[in-house]
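A.B. asks: can you look at this prediction? I've put the sequence above it.
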Amino acid sequence: MDRLITYDQRLAKYQPLKNILCFDDFDQGMCGWMNLMPNYTLENFGVRDSFVEKTQWGPIMLSTATFRFPGTHGAMDGIYSLKLATRPVANRYEEPPAPGSFSHTIKRLTAHRPPGLLQFEIWYAYTPEMDRSGLSENAIRAFGICFDLQDDKSRNFMGVRYVNAVNGTLKKEWQYMQAAEVSDKSWAYGKEGDWCKRGVDPLWYGERKPDGSTDGFKFIPGSRQELCYNETDDKINWLYLRLLVDTHKKEYVEMQSRDKTFDLKGIKATNVSPYARIEGLLNPLIWIETDCHRRVFLYVDSVVISTA
Amino acid sequence: MRQFSTTTVEQRKVFREDFDTHPMEVAWAGEAIFFIHAEEISGKDTALTASVQISFDGVHWVDEGTAFSSITTTGIFFVKVKHFGGWLRLAGNVNGTNPEYKLTIHLVLKE
């Protein structure tokens, strides 16, 4: 099919690949993004035992980014962004995440094109709940984006996160998802029989160390970066983030944060044996994690998912 | 078509003392229903009251005037609200001797 393309002006701030799978502007509603929930497959809609409690993550919502005295920020385009909001609870970094310490959103898709380049772009902002005086940049532990992918050979989590603070100390470095060579038991914080396999859900599985490292991610060298947090908790600035991966090679290609691009070529995704009933899975995920007993928010103006 | 969204603001959580639900931004919606599903109750002389609250910033809250009748048995209960501005939550009061309420609370929003 020959195409005559007229670009939506709102796409001008993105760098999509040739085929746009999603352009989700949250002025149009939730666009299929929803809260992550576990599998309610047991008696009375119970869930399988796990060290990480996934029924309590903070619910997402459409936000106007409104604060006490500044009033309404709105979004980068229009009024509404998708807000991820944690609950006001956290464990120390090196412990398993507390129930409610994450907010997480997922869009459930499947692959419809041959494997190859796949890109995730967002414009976003972040801040803690402004429920007290002072400056609280270090209330936010981390946020990120990733794909949860599966074909007939493997399941692969490919993503990046910004480690903002660890136990109250600012870190401000980027990491990519890649599982350390550990057992499934170690991956689940030493719990015997946890359903999760090494390499799956590195957002919260994989043991964590006080320096901000984890068995689920690796630091991108030289990636410490300022993100224009601003001078007060009630001023937000919209930021650009882009992740490019190759689903044929199952490798990273690059990521871009603000105006800086980090080369990730040749870095392998972690291969996990396929799970049942999810072949073709192409789920983009976005999340934020609090570092203290305080709600923290990630505002997503819009998302573009594209393929070569 | 009108926008619509149902959110589980609290999920199978056991409440033993007073609580506030997850603050929800609702500026896009014109009408809302809070459902409380009380799955299990234990204790003596237990009673749960819950009031709808509104806010201008999600931090400072005030009663909207709508409230649930006292919940003393298991079951599904609801209240309806309109004209609520940008934010909604419930403020719950748990009363009785050693009270425990296992609750799921849904917020149903329509443009």
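C.D. replies: Done, it's in.
A.B. asks: partner residues bridging the residue nearest to A:Ala111 when sequence neighbours are not counted?
C.D. replies: Nearest in space to A:Ala111, with sequence neighbours left out and distances taken as Cβ to Cβ, 6 or more residues apart in numbering or on different chains, is A:Leu282 at 4.7 Å. Using the backbone N, CA and C atoms, a C-beta is placed for each residue, glycine as well. Beta-bridge partners for A:Leu282, by DSSP bridges, are A:Leu109, A:Leu149.
A.B. asks: contact partners for A:Leu282?
C.D. replies: A:Leu282 is in contact with A:109-111, A:118, A:147, A:149, counting by Cβ atoms under 8 Å, 6 or more residues apart in numbering or on different chains.
A.B. asks: just the buried ones from the residues you listed, in PyMOL syntax?
C.D. replies: Buried subset of the contacts of A:Leu282, written as a PyMOL selection, criterion 16 or more other Cβ atoms under 10 Å in any protein chain shown:
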select buried, chain A and resi 109+111+118+147+149
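A.B. asks: which SSE is the residue most central in space within chain B in?
C.D. replies: The centre of chain B sits closest to B:Leu90, judged by Cα atoms, centre = their mean, with a distance of 3.8 Å. Under the criterion of DSSP states H and E, B:Leu90 resides in strand B:87-110.
A.B. asks: that strand packs against which elements?
C.D. replies: Judged by 3 or more Cβ pairs under 8 Å, 6 or more residues apart in numbering or on different chains; DSSP states H and E, the packing partners of strand B:87-110 are strand B:4-15, strand B:19-20, strand B:24-25, strand B:31-55, strand B:61-67.
A.B. asks: of those strands, which is nearest A:Ala98?
C.D. replies: For the helices and strands packed on strand B:87-110, proximity to A:Ala98 was assessed by Cβ to Cβ; strand B:4-15 is nearest, at 13.8 Å.
A.B. asks: buried residues in the closest one, which are they?
C.D. replies: Buried residues in strand B:4-15 (16+ other Cβ under 10 Å): B:5, B:7-13, B:15.
A.B. asks: and that strand, what does it pack against?
C.D. replies: strand A:60-63, strand B:87-110.
A.B. asks: neighbouring strands of that strand in the sheet, and parallel or not?
C.D. replies: Short version: by DSSP bridges, strand B:4-15 pairs with strand B:87-110 (antiparallel).
A.B. asks: any idea how far A:Gly206 is from the residue lying closest to A:Glu207 once chain neighbours are set aside?
C.D. replies: Spatial nearest neighbour of A:Glu207, excluding adjacent residues (Cβ to Cβ, 6+ apart): A:Asp215 at 5.0 Å. Remark: distance between A:Asp215 and A:Gly206 (Cβ to Cβ, to the nearest Å) = 4 Å.
A.B. asks: and the two? Which one has more around it.
C.D. replies: The neighbour count for A:Asp215 versus A:Gly206, taken as other Cβ atoms under 10 Å in any protein chain shown, is higher for A:Gly206 (25 against 21).
A.B. asks: ok so, going back, overlap of the contact sets of A:Asp215 and A:Gly206?
C.D. replies: A:179-180, A:182, A:187.
A.B. asks: tell me the one of those residues nearest chain B?
C.D. replies: The closest of the shared contacts of A:Asp215 and A:Gly206 to chain B turns out to be A:Trp187 (Cβ to the nearest Cβ; 25.2 Å).
A.B. asks: only the buried residues of stretch A:47-54, if you could.
C.D. replies: Per 16+ other Cβ under 10 Å, stretch A:47-54 contains these buried residues: A:47, A:50, A:52-54.
A.B. asks: please report how far A:Ile236 lies from A:Ser101.
C.D. replies: 21 Å.
A.B. asks: higher neighbour count, the two?
C.D. replies: The neighbour comparison of A:Ile236 against A:Ser101 (other Cβ under 10 Å) goes to A:Ser101, with 27 against 22.
A.B. asks: now do the contacts for the more buried one.
C.D. replies: Applying Cβ under 8 Å, 6+ apart, the residues near A:Ser101 are A:86-87, A:89-91, A:141, A:289-290.
A.B. asks: swap in A:Lys171?
C.D. replies: A:163-165, A:212, A:224.
A.B. asks: farthest-separated two in these?
C.D. replies: For those, and using Cβ to Cβ, no pair is farther apart than A:Ala165 and A:Arg224, which are 12.7 Å apart.
A.B. asks: what about the two, which has more around it?
C.D. replies: More neighbours surround A:Ala165 than the other of A:Ala165 and A:Arg224, with 21 against 13 (other Cβ under 10 Å).
A.B. asks: bridged to that one, which residues?
C.D. replies: A:Leu170.
A.B. asks: so it touches A:Phe143, yeah?
C.D. replies: No. The criterion here is Cβ atoms under 8 Å, and A:Ala165 misses it with A:Phe143 at 11.1 Å.
A.B. asks: make TSV out of the buried residues of stretch A:47-54 and add distance to chain B.
C.D. replies: Output for the buried residues of stretch A:47-54, formatted as TSV (distance: Cβ to the nearest Cβ, whole Å):
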residue	distance to chain B
A:Val47	10
A:Ser50	15
A:Val52	15
A:Glu53	10
A:Lys54	10
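A.B. asks: farthest-apart pair in those, please.
C.D. replies: Greatest spacing in those, by Cβ to Cβ: A:Val47 and A:Val52 (11.1 Å).
A.B. asks: columns mean pLDDT on top of the helices and strands packed on strand B:87-110, output as a markdown table?
C.D. replies: Output for the helices and strands packed on strand B:87-110, formatted as a markdown table (pLDDT from 0 to 100):
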| stretch | mean pLDDT |
| --- | --- |
| strand B:4-15 | 97 |
| strand B:19-20 | 98 |
| strand B:24-25 | 98 |
| strand B:31-55 | 98 |
| strand B:61-67 | 98 |
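A.B. asks: most tightly packed of these?
C.D. replies: strand B:24-25 (a mean of 25; mean count of other Cβ atoms under 10 Å in any protein chain shown).
A.B. asks: having no further points to raise, I will conclude here.
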